[in-house]
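Asks: return a 3D structure for these sequence lines:
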Amino acid sequence: MVLGKLVHYTVDAVLLSTVVAGVRRSSGFTPDASAIPDPTVRSIAEKFLGVGETVFDMIQATAVNSSYFKKSN
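Replies: The predicted structure is shown next:
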């Protein structure tokens, strides 16, 4: 039961980070991690945002190479 909740929260966190990466890519706005005073928490926040960037890049690469997606102008 505890492992299931841990997996669920982890997936939710990755999805949230991916959405933030998508917002960053489409609008240019991103959370300011340098405003976090504690270096440990700032490092965790930067890694959290980095995971979203990685997942977003993987999804984007999959969409580019898929026949199910086409580029719209």
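Asks: now the residue at minimal distance from the centre of the chain. Nearest residue, chain neighbours left out?
Replies: Nearest to the mean C-alpha position of the chain, by C-alpha atoms, centre = their mean, lies residue 52 at 1.7 Å. Using C-beta to C-beta, 6 or more residues apart in numbering and skipping residues adjacent in sequence, the residue nearest residue 52 is residue 17, 3.0 Å away. In short, each C-beta sits where N, CA and C put it, glycine included.
Asks: output the below-cut-off pLDDT ranges for this protein.
Replies: The model of the chain has no residue with pLDDT under 70.
Asks: buried ones in the helix or strand hosting residue 48?
Replies: Take DSSP states H and E as the rule and residue 48 turns out to sit in helix 39-64. Judged by neighbour count using 16 or more other C-beta atoms under 10 Å, the buried positions of helix 39-64 are 45, 48, 49, 52, 53, 55, 56.
Asks: which helices and strands sit right next to it?
Replies: helix 2-27 (3 or more C-beta pairs under 8 Å, 6 or more residues apart in numbering; DSSP states H and E).
Asks: how far away from the center of its chain is the helix it packs on?
Replies: Centre-to-centre, helix 2-27 and its host chain are 6 Å apart (C-alpha atoms, centre = their mean, to the nearest Å).
Asks: what of stretch 19-30?
Replies: Worked out by C-alpha atoms, centre = their mean, stretch 19-30 lies 9 Å from the chain centre.
Asks: residue 69 reaches residue 63, doesn't it?
Replies: Yes: judged on C-beta atoms under 8 Å, residue 69 makes contact with residue 63 at a distance of 4.5 Å.
Asks: residue contacts, residue 34?
Replies: residue 42 (C-beta atoms under 8 Å, 6 or more residues apart in numbering).
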